[in-house]
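J.: Quick one, what's the 3D model for this:
(chains A, B, C and D)
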2 protein chains.
Amino acid sequence: MSDKRVEAARIFKALCDPTRLAVLDQLRSGEKCACVIQEELFVGQSGLSYHMKVLCDSGLVTSRQEGKWTHYSLSSSGQEKAMALLEALTTPEPEAIPNCACSS
Amino acid sequence: MSDKRVEAARIFKALCDPTRLAVLDQLRSGEKCACVIQEELFVGQSGLSYHMKVLCDSGLVTSRQEGKWTHYSLSSSGQEKAMALLEALTTPEPEAIPNCACSS
DNA sequence: ACCTCATATCAAAAAGATTTGATGTATGGT
DNA sequence: ACCATACATCAAATCTTTTTGATATGAGGT
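T.: Purely as a prediction, here's the structure:
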């Protein structure tokens, strides 16, 4: 249970930063290497590297090494996991009680 | 565009804190007032109030005043919005290019 | 072997989020 | 009117995340 919360926090934290959202938006048009991503962003090299790590750790993005370059792309399995988690966290249980009994 | 990112950050930030995730879990079993939520949590009164504000601001939770009590519940429209946003942020564009041209 | 380029890691500073305790506000009971 | 209860708000302290600049690593090219 608490494990699940740690994982949820890791995934959704990836989505809480404007720089990372901008990166995701870039990756929507296909795989990109770090240098290309950086060109369109106001981040230093080490800053981008940090954000890419957060994105990869969340599972939403995967990386692929090719020579000197690291290529990043959206992970569809990461997306599915995140969607399923979000749904699980915010869907009421079937036997949910409509009103709180506390004021009666 | 940047507006959308601010909103996304607000929504997903709500899901990044273990206390708030515990609150959501409680609300899955139905509407609850603050005092009931607090009973099962290690938070002070003002701390809970802060977290409930974050959750309400995200749209994932709605509140209803009844006399002295504030009742909180999961918002299905908030859930739908969050799901749609998550999907939009992490789905590749149809014409996405499989490989980055940077190393060629 | 040496140099350069692409990226990762580290540590300190800066910015942001959360906790805590005190105080404010609104409601209902007497 | 006064008091108690249920929350909300505020400000200071604390904790976490992000930024920044310096240094490290690892792959090619010469």
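J.: ok, which residues in chain A are in contact with DNA strand C?
T.: A:33-35, A:38, A:45-46, A:49-50, A:52-53, A:63, A:68-70 (C-beta under 7 Å from any atom of the strand). The C-beta positions use only the backbone N, C-alpha and C, and glycine is treated the same way.
J.: which other helices and strands contact the lowest-mean-pLDDT helix or strand in chain A?
T.: One helix or strand of chain A scores below all others by mean pLDDT, DSSP states H and E: helix A:2-13, with a mean of 89. For helix A:2-13, the contact count by 3 or more C-beta pairs under 8 Å, 6 or more residues apart in numbering or on different chains; DSSP states H and E identifies helix A:45-58, helix A:76-90, helix B:2-13, helix B:18-27 as packing neighbours.
J.: if you set the cut-off to 7 Å instead, what comes out?
T.: helix A:45-58, helix A:76-90, helix B:18-27 (3 or more C-beta pairs under 7 Å, 6 or more residues apart in numbering or on different chains; DSSP states H and E).
J.: what residues does it touch?
T.: A:57, A:58, A:59, A:60, A:82, A:85, A:89, B:12, B:15, B:16, B:18, B:21 (C-beta atoms under 7 Å, 6 or more residues apart in numbering or on different chains).
J.: Tabulate those residues (TSV), appending neighbour count.
T.: Shown next, in TSV, are the contacts of helix A:2-13 (neighbours: other C-beta atoms under 10 Å in any protein chain shown):
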residue	neighbour count
A:57	13
A:58	21
A:59	18
A:60	26
A:82	25
A:85	17
A:89	21
B:12	25
B:15	26
B:16	19
B:18	12
B:21	21
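J.: if we can go back for a sec, filter the residues of chain A next to DNA strand C down to just the buried residues.
T.: A:33, A:34, A:38, A:52, A:63, A:70 (16 or more other C-beta atoms under 10 Å in any protein chain shown).
J.: can you tell me which two in those are farthest apart?
T.: By the measure C-beta to C-beta, those have their two most distant members at A:38 and A:63, which lie 14.5 Å apart.
J.: what sits against residue A:19?
T.: A:41, A:43, A:51.
J.: By neighbour count, which of these wins?
T.: Counting neighbours by other C-beta atoms under 10 Å in any protein chain shown, the top entry in the contacts of residue A:19 is residue A:51, with 20 neighbours.
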